[in-house]
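>>> Got a sequence here, can you model it:
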Amino acid sequence: DITSIYFLDLPGPPRIGFAGAVGLWKTSDGGQSWNKVWTSGPNDGFVTDIFFRDSLTGWFSQCVLPNEYGCFKTTDGGATWHRLPVLGCAWGVYYSAFSNRLMLAMDSAAEFSTDFGDTWQALPFTSAVGFSFSSNSNGIVTTANPDTTFVSLWTSDGGIHWNDGDLHSLYYFWQPLAIPGTSICFA
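Numbering: from 1, shown residues only. Predicted coordinates for the structure are as follows:
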């Protein structure tokens, strides 16, 4: 089962992309052929989200229960991957060039890094499912409050500050979607 798909935003038609499942595959010909570039551990964790800062540096989040490493990084365009020092089931990953923040959405925490994942600090909410940005500075995150009300939060400064999005529900919001170049967001 494919759990995440990501193509690098390069000039021309999409060529370099990744497909996550129980493992990670890469294509350099627009999806005509795929090569496995990462294999999950013995507990069969699956890739939940993929994001690239540029053509060489990228991350993917992973969920393996109970509490195994949830984020991996590449600096060679996805040929090799290494674990980052974060523990937990991760659902989403996003890097904002505007704020130089790598953000990770997890079951029991939400964290950010200003050194591409070497060290982590807590975001101001207790858990998160995913991030989506319509520009480098404007984005949305779906999260849960301590009272188990699920909410959306928004930012206009690349994830430095988060504001209540006035969207509250007793049901879980999954991956949000912010439409690039607009102020339209979906959860």
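>>> Once you drop chain neighbours, what's closest to residue 16?
Excluding its sequence neighbours, the residue lying closest to residue 16 (CB to CB, 6 or more residues apart in numbering) is residue 8, at 4.6 Å. C-beta coordinates here come from the backbone N, C-alpha and C atoms, glycine included.
>>> From residue 119, how far off is the one you found?
26 Å (CB to CB, to the nearest Å).
>>> Look up how far residue 71 lies from the residue nearest to residue 16.
19 Å.
>>> what does residue 63 give?
Where residue 71 is concerned, residue 63 sits at a distance of 11 Å (CB to CB).
>>> more neighbours, these two?
residue 71 (24 against 18; other CB atoms under 10 Å).
>>> pretty sure that one contacts residue 86?
Yes: the pair residue 71 / residue 86 is scored as a contact, 5.1 Å apart, by CB atoms under 8 Å.
>>> Need the overlap of contacts for the two.
104, 117 (CB atoms under 8 Å, 6 or more residues apart in numbering).
>>> quick one: contacts for residue 21?
1, 2, 3, 46, 47 are the contacts of residue 21 under CB under 8 Å, 6+ apart.
>>> Recalculate using a threshold of 6 Å.
The contact partners of residue 21, taken as CB atoms under 6 Å, 6 or more residues apart in numbering, are 1, 2, 3.
>>> for the second one, what are its contacts?
Taking CB under 6 Å, 6+ apart as the criterion, residue 2 is in contact with 19, 21.
>>> what's the answer for the first one, then?
Under the criterion of CB under 6 Å, 6+ apart, the neighbours of residue 1 are residue 21.
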